[in-house]
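the following comprises the amino acid sequence and a computationally predicted model.
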Amino acid sequence: MKQTTTLLRLLVASTLTFTLLACTRFEAVDPATGPASVPRVSIMTFNVENLFDNVDDPGKNDLTYLALSAKQSEEHKAVCGEIEVDRWRDQCLNWDWSDDIINHKLKVVAGVILQVNEGRGPDIVALQEVENLGILERLRNEHLADAGYNEAILIEGHDLRGVDVAFLTRLPPAGPPTLHRIDFDDAEQKRVADTRGILEATFELPDGSLLTGYAVHFPAPFHPTAMREAAYRHLNGLRSALPPDRAAFAAGDFNTTSAEDREKAMLERFVRPDWTIAHEVGCEGCPGTSYYARRDDWSFLDMILWSPAIDSGEKATWALRADSVQIANRAPGQARPDGTPWRFEMPDGAGVSDHWPVVAFIESE
């Protein structure tokens with residue numbers, strides 16, 4: 001009861017914060033203006049930050065995300081005690097990832113998704129940091145039922161912590177999805193265990209043409225740059241293997257910081273030659289999707305990359321609407337009073353995620 005009351009107070013406080021910040025944040029994300037008869041499809045990428053259930057998944061390092069009552073054994077305490085980082089060790093020992101917290105997490109994540117398309121949510125959502133298909137289906141069925149999404153697309157990967165990439169979409173699927181494991185050459189195995197594959201899925205657009213999407217979550221910034229370089233190369237190889245009449249997008253958490261890009265020219269070398277970076281052609285004035293307070297530095301860790309069909313044949317060409325690209329950050333709890341992303345905090349469930357989503361629309365020409 002105490003936790004439920006706290007969550008209610010938090011919801012009220014978040015709503016007030018949202019109201020106070022509305023005048024300083026970006027406009028609500030709705031379809032780009034234009035003729036109503038022009039087919040449009042909206043795409044979002046959203047790192048939901050640790051969308052976990054509270055059931056121990058054998059073989060995965062998910063002990064932090066258990067109810068406190070399940071953390072009282074000496075075995076659990078011993079495993080947590082081996083964690084070197086103080087903050088992570090405390091989370092493993094003391095976080096109460098209760099049913100109430102999970103329900104609240106699902107609710108606020110859904111609120112972020114539903115701020116697009118006048119409450120319907122995007123047509124395609126690429127998601128990162130989802131533990132498994134079960135928790136994603138709970139999100140879809142319990143909190144996004146009116147959005148009309150098809151059965152979620154998630155293939156269990158090899159990430160030791162248990163986080164996966166996934167898709168939610170209203171578009172009809174065109175064949176089974178594939179999870180591509182990335183070859184990191186000579187990287188240490190303990191680093192490779194902390195990575196995700198590239199999820200490929202193909203969807204049928206309103207005019208019957210096909211669109212292939214890649215949901216990505218590249219290696220974290222504390223891993224060597226060479227691992228992200230390998231991930232970009234793998235993604236570009238997948239794109240180049242598609243037929244010439246196929247449009248494609250890649251969406252997700254690329255984990256390329258602004259500092260790394262300045263020093264290593266990552267986007268110039270691996271992205272701009274083959275893709276259009278959505279926030280570079282639209283999203284004027286957007287600072288980024290992730291904020292690193294220690295350096296007072298914004299980054300677009302989260303990106304939508306667009307690649308039109310080389311030869312669309314008799315079908316219409318689909319193009320990115322530059323004026324549609326925005327950061328979706330107006331749902332309650334997404335921004336701190338200082339205007340930076342508000343990560344999901346315990347014990348009260350403040351915030352939503354330490355990432356802001358990017359949204360873009362494509363349309364038929």
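Here it is on my side, so go on. Computed from a predicted structure; not experimentally measured.

can we go C-alpha only for contacts and neighbour counts from here?
Noted.

for the closest residue to residue 350 other than its chain neighbours, give me its contacts.
Spatially, and ignoring its direct neighbours in sequence, residue 350 is nearest to residue 344 (5.6 Å; Cα to Cα, 6 or more residues apart in numbering). Residues near residue 344 by Cα atoms under 8 Å, 6 or more residues apart in numbering: 49, 105, 350, 351, 352, 353, 354.

wait, the fourth one sits on residue 337?
Looking back up the chat, that one is residue 351. No: counting by Cα atoms under 8 Å, residue 351 stays clear of residue 337, with 11.2 Å between them.

please say which of these two ends up with more neighbours.
Neighbour tally, residue 351 and residue 337, criterion other Cα atoms under 10 Å: the higher count belongs to residue 351, 23 against 14.

how is this structure partitioned into domains?
2-52+100-364, 55-97 (automatic domain parsing).

what segments of the stretch 201-350 of the chain are helices?
225-240, 258-264, 266-270, 278-281 (DSSP state H, counting those that start in this stretch).

turn these into a markdown table, columns for mean neighbour count.
Formatted as a markdown table, those follow (neighbours: other Cα atoms under 10 Å):
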| stretch | mean neighbour count |
| --- | --- |
| helix 225-240 | 18 |
| helix 258-264 | 13 |
| helix 266-270 | 16 |
| helix 278-281 | 19 |
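
in strands only, show me the contacts of residue 344.
residue 49 (DSSP state E).

which of the contacts of residue 344 has the most neighbours?
Neighbour-wise, the contacts of residue 344 (other Cα under 10 Å) top out at residue 352, 28 neighbours.

and that one, what does it touch?
Contacts of residue 352 by Cα under 8 Å, 6+ apart are 48, 49, 105, 108, 109, 333, 334, 342, 343, 344.

now with 6 Å?
Residue 352 sits next to 333, 334, 343, 344 when contact means Cα atoms under 6 Å, 6 or more residues apart in numbering.

coming back round to it: is it possible to export the helices of the stretch 201-350 of the chain to JSON lines including mean pLDDT?
What follows is the helices of the stretch 201-350 of the chain, written out as JSON lines (pLDDT from 0 to 100):
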{"stretch": "helix 225-240", "mean pLDDT": "98"}
{"stretch": "helix 258-264", "mean pLDDT": "98"}
{"stretch": "helix 266-270", "mean pLDDT": "98"}
{"stretch": "helix 278-281", "mean pLDDT": "98"}
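
closest one to residue 294 among these?
helix 258-264 (12.8 Å; Cα to Cα).

can you show me the strands along the stretch 201-350 of the chain?
Applying DSSP state E, counting those that start in this stretch to the stretch 201-350 of the chain gives strands spanning 210-217, 247-253, 276-277, 290-292, 297-299, 302-307, 318-327.

the stretch 51-200 of the chain now?
Counting by DSSP E, counting those that start in this stretch, the strands of the stretch 51-200 of the chain are 124-130, 164-169, 178-180, 198-204.

ends of stretch 107-124, how far apart?
Start and end residues of stretch 107-124 are separated by 19 Å (Cα to Cα, to the nearest Å).

for that stretch, buried residues please.
107-117, 120-124 (16 or more other Cα atoms under 10 Å).

if anything else comes up later, I'll come back, but that's it for now.
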